[in-house]
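Q: sequence below, structure please.
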Amino acid sequence: MRRLWLVIGLGIVLGAVLAACGGGGAGGTTGLAVEMGDLYFKPNTLTAKPGQTLQITLDNRGSLEHNFVLYDADGKTVLFEKDAVQPGQKVNITLKAPEKPGTYQYVCTVPGHKEGGMVGTLTVQP
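A: As a prediction, this is how the structure comes out:
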């Protein structure tokens with residue numbers, strides 16, 4: 001009987017560990033948080049699998065409004081855009097990572113912010 005409870009307990013622990021690790025693969029959903037401050041993103045690097053759904057909380061801790069724009073690898077084509085996030089505001093966004101592995105840039109396009117360093121990279125890798 002004692003052995004049975006040990007096996008059941010190990011099964012529960014293993015199941016919890018596997019559940020915590022799940023959802024990060026291609027087609028899975030990953031929750032992330034990005035702090036937006038005055039002229040920075042933290043973190044300024046994100047990683048995803050091709051086609052992975054990303055649920056991101058944008059947390060504006062700065063004194064200025066900011067936005068979040070993700071560009072294609074060409075640096076010109078907008079893949080995703082979230083308009084103004086006001087100081088002190090948190091917003092949740094959902095976007096799909098590009099299918100093609102590579103490096104994609106996200107920026108704040110409020111005038112002067114990108115030039116001031118408000119730039120990050122999303123790396124898509126298999």
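
Q: burial count for residue 78?
A: By other CB atoms under 10 Å, the residues close to residue 78 number 10. Using the backbone N, CA and C atoms, a C-beta is placed for each residue, glycine as well.

Q: do residue 62 as well
A: Using other CB under 10 Å, residue 62 has 20 other residues around it.

Q: how about the nearest residue to it, chain neighbours excluded?
A: residue 38 (3.9 Å; CB to CB, 6 or more residues apart in numbering).

Q: got the contact list for the one you found?
A: Applying CB atoms under 8 Å, 6 or more residues apart in numbering, one finds that residue 38 lies in contact with 62-64.

Q: cool, and residue 101?
A: Per CB under 8 Å, 6+ apart, neighbours of residue 101: 50, 124-126.

Q: most neighbours among these, which one?
A: Within these, neighbour counts (other CB under 10 Å) peak at residue 124, which reaches 20 neighbours.

Q: hmm, back to that, could you dump the contacts of residue 38 into TSV with pLDDT added?
A: Formatted as TSV, the contacts of residue 38 follow (pLDDT from 0 to 100):
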residue	pLDDT
62	96
63	97
64	97
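
Q: wait, residue 34 touches residue 60, no?
A: No. Checked against CB atoms under 8 Å, the pair residue 34 and residue 60 is beyond contact range at 9.8 Å.

Q: and those two? Which one has more around it.
A: More neighbours surround residue 60 than the other of residue 34 and residue 60, with 24 against 18 (other CB under 10 Å).

Q: what about the more buried one, distance to residue 77?
A: Applying CB to CB, to the nearest Å, the value for residue 60 to residue 77 is 25 Å.

Q: strands along this protein, start to end?
A: Ranges of strands in the chain, per DSSP state E, are 29-37, 40-42, 45-48, 53-60, 66-71, 78-85, 90-96, 102-107, 119-124.

Q: residue 92 bridge partners, please.
A: Here residue 92 sits in beta bridges with residue 57, as judged by DSSP bridges.

Q: my guess is it meets residue 57, correct?
A: Yes. Between residue 92 and residue 57 a contact is recorded at 5.4 Å, counting by CB under 8 Å.
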